[in-house]
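A.B. asks: Build me a model:
(chains A, B and C)
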Amino acid sequence: MQAPVELSISPRLAKNIRRNVKERVIEVILMLAALVAVATTFAIVGVLLYESLSFFKTVSIVEFLTGTEWTPLFEDAHYGILPLVSGTLTTSAIALAVAVPIGTISAIFLSEFASHKTREIIKPILELLVGVPTVVFGYFALFFVTPLLQALYPDLSTFNMLGAGIVMGIMIIPYIASLSEDAMRAVPMSMREGSYAMGATRFQTAIKVVTPAAISGIVAAYILAISRAVGETMVVAIAAGQQPNLTFNPLESAATITAYIVQVAMGDLPHGSVGYQSIFAAGLVLMLLTLSFNIIGHWVRKRYREAY
Amino acid sequence: MEHRASVIENLGEVRAMIKRHKRNDLLFAGLGLLCLMLGLVTLMLLFWQLIADGYPKFTLDFLTEFPSRHASRAGLLSAWTGSLLVMTVTFVTAVPIGVAAGLYLEEYAPKNWFTDLIEINVSNLAGVPSIIYGLLALGLFVYMLGFGQSILTAGLTLALLILPIVIVSTREAIRAIPVSIREAAYGVGATKWQVVYDHVFKYSYGGILTGVIIGMSRALGETAPIITIGALTFIAFLPPAPITAEPPFLNFEWLSSGFTVMPIQMFNWLSRPDHAFHINAAATGALIIVVTLLMNGAAIWMRYKIRKNIKW
Amino acid sequence: MANVTTPIKAEARDLNFFYSNGARALKGISMPLYENKITALIGPSGCGKSTFLRCFNRMHDLYPGNKYQGQIVMHPDNTNVLDAGVDPIEVRMRISMVFQKPNPFPKSIYENVAYGLRVRGENNKRIMDDKVEEALKGAALWNEVKDRLHDLAFNLSGGQQQRLCIARALATDPEIMLFDEPTSALDPIATANIEELMVELRSKLTILVVTHNMQQAARVSDYTAYMYLGELIEYNDTDKIFTTPSRKETEDYITGKFG
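C.D. replies: From the prediction side, this is the model:
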């Protein structure tokens, strides 16, 4: 009696085993794909640290962090990162001074004042503009905004942080406006109704209720914008100049961390030289800067996420 | 201190106050419109300027000529073929890996610290400046793995760069599919992979595609990482053709070929002192903008359409 | 029917309402609100009772395309609050509202209550402190929150949040207070507190309450209106509606045969 039963089951069992193995293999393949993301992070940190460590064998960390001269391409080479940091911070500060007020006010207008139809048209345009390649903005800074500024300040040099910063700001406006608008849209209608029912006007509702309710999302947008400005490369490489210059004066020309990396990469420094390694050390500083902004941004969003 | 019926008693005052407050409304609406327009109009103006500057080079010759020392004869041929080939590498690596990672995180991954680690990684990678990917590629692909300053290196670099975009959009698309669909498929005896592939993946196709398009358009416009790996800026030759007349018909030599891409070509022309080259740069910029805007526009349009058409 | 000596605070006269999609949500409703009384609106879901309530403070103006027809007249000044020339903001300063789900602002308890005063341009700290305390006492919340007035309102329980919203609505001395199913999101104890509060508030102002819960209408209201499909089927003293309704439809609804 047993033989036929066994015969009828075993192919099915075999099929089950085959199926389970196949399912398992697929899961492992998918997991490996997900691990590429982790591997990328480790690879970034690994490469930056590896080359930086070689760099710090030649240059002391103290000199790197406190030195006020960055002249790696000169005979008498100095590796003080501060001039690059000052250039990065100045251009970013100008960009934010332009983008934060304009972007935020635009977002409030779009979310609380504009009609449904206007919003339906403008919102996709903002999303569209977020994707414009940055090399194009370098062209604007150099050939459009700087000449305009030179008409106001005739002795402004062709390469200056002001023009680059302003264009970077214009570039970031859609980013801040779109993200902040998302945050304000997420504020439930019941909260607005509560305010209007008290006899509040649109302006009062927008400023006193909706904006505070959305503040975590708005601040997160600012922080992500800062991180974008700090890491932006092409606009500053094209329009802010290539000369490391320890200054916060926006009218001067100065290199940023990113502009320096581009400058070296365009040149012909041999692989393994201190100059070659220096771009990784500079990259490490940039990575740490943006990483800390990103972490603060995520933390703000998580910590103050409103439980409506 | 009876405050009762204060509104009717002080009607005049109340009305004056409302009028004042409403003037603030109007003032702010005006300011808001101004800011929004300032942003949008400036950008439009800038695009217009670019197109106007580059207009003289909007010719077919511009697309069929190699770069040259003479601005008037220089063209984009090597740049646009370079962009196309680099994007091909990016597409065939980033899309399968990104979609697979998205499927894993959404459908398979257990809720534990390891999954959290992957998720934190993905969201952090999205915020890493693109030039850092260039440094990664320079250290890893160019020198450690010995791929050199090739199309393969550039394509892989951009693939890593857009991976978070593909993963995030895949997950969002998958999340829109209700549990009931999965239960229905399990209910008729499907295995997990059958549910995931036949239903979850296929129904979220549109959403995944929007993410892929946005990622590819980002890759097309990226300049900094490609400069960092040391792409040559003066390329007066084409990589070996990927398709040959004799068997096996496919030729992969182009992968290790030197190259340039459109944004690099633009940057190069932009950096020349001779104004004639700036016209070339503007024309290239206009081409890049038009292509990326078309790609992004298509993706955004699709996304809105998908959001409107969700039936469940 | 209505006590002749009780003055009318407001009345709807042949009120029709159309949503932006053209749907007619209210069909020729005429009904009084007696001063210092509680009027309850009952009826099945979608019968238009909330729509009717939200006409009183012109909440529908917030969404484009909605259209009113007819009048809601406030006494003693005979203002038609639906008149295009009447500013909805002015109306909302006279008629306050408490919503279905507690919707405190993301501010402190104090600032939530003070919001209406700030909106009216009041900045005097003494007056503000007094009014906030008075309103919180009026909403029976003072004793629970007096030591943490500057805590975030979100930290209160659901019932406390709803009483906070009542205090917020009370602080500006409204003439009428609208309640849109104020207890539907609350547990039975919090519900009993709110009901008690409404009865107490009656001495200060006129109340219109939408409720899903017939027992609640019977417990708190002086007058009850039964609505169905956008029409006012029957309006009467609450006692009469619940004991001897004159219309068959009302009886069916109240006895649970329908709805």
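
A.B. asks: any idea which helix or strand comes after whichever helix in chain B runs longest?
C.D. replies: The residue-count maximum for a helix in chain B (DSSP state H) belongs to helix B:11-54. Per DSSP states H and E, the first helix or strand lying C-terminal to helix B:11-54 is helix B:60-64.

A.B. asks: ok, and for that following helix, which residues are buried?
C.D. replies: For helix B:60-64, the neighbour count (16 or more other Cβ atoms under 10 Å in any protein chain shown) marks B:62-63 as buried. (Each C-beta comes from the backbone N, C-alpha and C, glycine too.)

A.B. asks: Check stretch C:32-49 too.
C.D. replies: By neighbour count on 16+ other Cβ under 10 Å, the buried set for stretch C:32-49 is C:32-35, C:37-43, C:47-49.

A.B. asks: Rebuild those residues as JSON lines, extending it with pLDDT.
C.D. replies: Formatted as JSON lines, these follow (pLDDT from 0 to 100):
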{"residue": "C:32", "pLDDT": "94"}
{"residue": "C:33", "pLDDT": "94"}
{"residue": "C:34", "pLDDT": "94"}
{"residue": "C:35", "pLDDT": "93"}
{"residue": "C:37", "pLDDT": "94"}
{"residue": "C:38", "pLDDT": "95"}
{"residue": "C:39", "pLDDT": "95"}
{"residue": "C:40", "pLDDT": "95"}
{"residue": "C:41", "pLDDT": "95"}
{"residue": "C:42", "pLDDT": "94"}
{"residue": "C:43", "pLDDT": "91"}
{"residue": "C:47", "pLDDT": "91"}
{"residue": "C:48", "pLDDT": "92"}
{"residue": "C:49", "pLDDT": "93"}
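
A.B. asks: Could you export the residues you listed as CSV, including distance to chain A and secondary structure?
C.D. replies: CSV is the format used below for the buried residues of stretch C:32-49 (distance: Cβ to the nearest Cβ, whole Å; DSSP: H, G, I helix; E, B strand; the rest coil):
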residue, distance to chain A, secondary structure
C:32, 23, strand
C:33, 17, strand
C:34, 23, strand
C:35, 21, coil
C:37, 21, coil
C:38, 19, strand
C:39, 19, strand
C:40, 20, strand
C:41, 17, strand
C:42, 22, strand
C:43, 22, coil
C:47, 21, coil
C:48, 18, coil
C:49, 17, helix
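
A.B. asks: out of the residues you listed, which one sits closest to chain B?
C.D. replies: Distance to chain B across those (Cβ to the nearest Cβ) is lowest for residue C:35, with 11.4 Å.

A.B. asks: Phi, psi for the closest one please.
C.D. replies: phi -70, psi 140 (degrees, to the nearest 10).

A.B. asks: Compute the number of surrounding residues for the residue nearest to it when sequence neighbours are not counted.
C.D. replies: Distances taken as Cβ to Cβ, 6 or more residues apart in numbering or on different chains put residue C:9 closest to residue C:35, at 4.1 Å, once the chain neighbours are dropped. Number of residues near residue C:9 (other Cβ atoms under 10 Å in any protein chain shown) recorded here: 23.

A.B. asks: got it, and residue C:189?
C.D. replies: Neighbours of residue C:189 (other Cβ under 10 Å): 9.

A.B. asks: and the residue nearest to it when sequence neighbours are not counted, what does it touch?
C.D. replies: Leaving aside its chain neighbours, residue C:189 sits nearest to residue C:159 (7.2 Å; criterion: Cβ to Cβ, 6+ apart). Listed by Cβ atoms under 8 Å, 6 or more residues apart in numbering or on different chains, the contact partners of residue C:159 are C:186-187, C:189-191, C:193-194.

A.B. asks: What does the pLDDT read for residue C:159?
C.D. replies: What the model reports as pLDDT for residue C:159 is 91.

A.B. asks: picking that back up, is it true that the residue nearest to residue C:35 touches residue C:202?
C.D. replies: No. With contact defined as Cβ atoms under 8 Å, residue C:9 does not reach residue C:202; the gap is 11.7 Å.

A.B. asks: For these two, list the residues in contact with both.
C.D. replies: residue C:36.

A.B. asks: In terms of secondary structure, what does the helix or strand containing residue C:250 contact?
C.D. replies: Using DSSP H and E, residue C:250 sits within helix C:248-254. Helices and strands touching helix C:248-254, by 3 or more Cβ pairs under 8 Å, 6 or more residues apart in numbering or on different chains; DSSP states H and E, are strand C:223-228, strand C:231-237, helix C:238-243.

A.B. asks: tell me the most buried of the ones you listed?
C.D. replies: Comparing the helices and strands packed on helix C:248-254 by mean neighbour count (mean count of other Cβ atoms under 10 Å in any protein chain shown), strand C:223-228 comes out on top with a mean of 26.

A.B. asks: starting at the chain centroid, how far to that strand?
C.D. replies: 14 Å (Cα atoms, centre = their mean, to the nearest Å).

A.B. asks: Same check on stretch C:26-39?
C.D. replies: Going by Cα atoms, centre = their mean, where stretch C:26-39 is centred and where its chain is centred differ by 12 Å.

A.B. asks: For residue 60, give me the pLDDT.
C.D. replies: I'll assume chain A. The model reports residue A:60 with a pLDDT of 88.

A.B. asks: The chain in question should be chain B.
C.D. replies: 80.

A.B. asks: Check the gap between it and residue B:75 for me.
C.D. replies: Using Cβ to Cβ, to the nearest Å, one gets 10 Å for the distance from residue B:60 to residue B:75.

A.B. asks: And residue A:211, by the same measure?
C.D. replies: Counting by Cβ to Cβ - residue A:211 and residue B:75 are separated by 51 Å.

A.B. asks: Find the residue at the geometric middle of the chain.
C.D. replies: Reading this off chain A. For chain A, the residue nearest the mean C-alpha position is residue A:228 (2.5 Å; Cα atoms, centre = their mean).

A.B. asks: My question was about chain B, not that one.
C.D. replies: Closest-to-mean residue, chain B, Cα atoms, centre = their mean: residue B:218 / 2.6 Å.

A.B. asks: what about that residue, which helix or strand?
C.D. replies: Residue B:218 belongs to helix B:205-221 when assigned by DSSP H and E.

A.B. asks: residues touching the residue nearest to the centre of chain B, list them.
C.D. replies: Neighbours of residue B:218 in contact, by Cβ under 8 Å, 6+ apart: A:131, B:161-162, B:165.

A.B. asks: so which of these comes closest to residue B:116?
C.D. replies: Proximity of the contacts of residue B:218 to residue B:116 (Cβ to Cβ) peaks at residue B:165, which lies at 20.5 Å.

A.B. asks: so how far is chain A from the closest one?
C.D. replies: To chain A, residue B:165 is 10 Å away according to Cβ to the nearest Cβ, to the nearest Å.

A.B. asks: about what we covered before: same for the longest helix of chain B, what does it pack against?
C.D. replies: Using 3+ Cβ pairs under 8 Å, 6+ apart: helix B:11-54 touches helix A:82-108, helix A:116-130, helix A:134-140, helix A:161-185, helix A:202-204, helix B:275-309, helix C:88-94.

A.B. asks: Just put these in CSV and tack on distance to residue B:175, mean pLDDT and mean neighbour count.
C.D. replies: Output for the helices and strands packed on helix B:11-54, formatted as CSV (distance: least, Cβ to Cβ, whole Å; pLDDT from 0 to 100; neighbours: other Cβ atoms under 10 Å in any protein chain shown):
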stretch, distance to residue B:175, mean pLDDT, mean neighbour count
helix A:82-108, 25, 95, 24
helix A:116-130, 20, 89, 17
helix A:134-140, 30, 90, 27
helix A:161-185, 17, 93, 26
helix A:202-204, 34, 94, 21
helix B:275-309, 13, 88, 19
helix C:88-94, 39, 91, 23
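
A.B. asks: can you redo those helices as a markdown table with distance to residue C:169?
C.D. replies: What follows is those, written out as a markdown table (distance: least, Cβ to Cβ, whole Å):
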| stretch | distance to residue C:169 |
| --- | --- |
| helix A:82-108 | 26 |
| helix A:116-130 | 29 |
| helix A:134-140 | 51 |
| helix A:161-185 | 25 |
| helix A:202-204 | 16 |
| helix B:275-309 | 36 |
| helix C:88-94 | 10 |
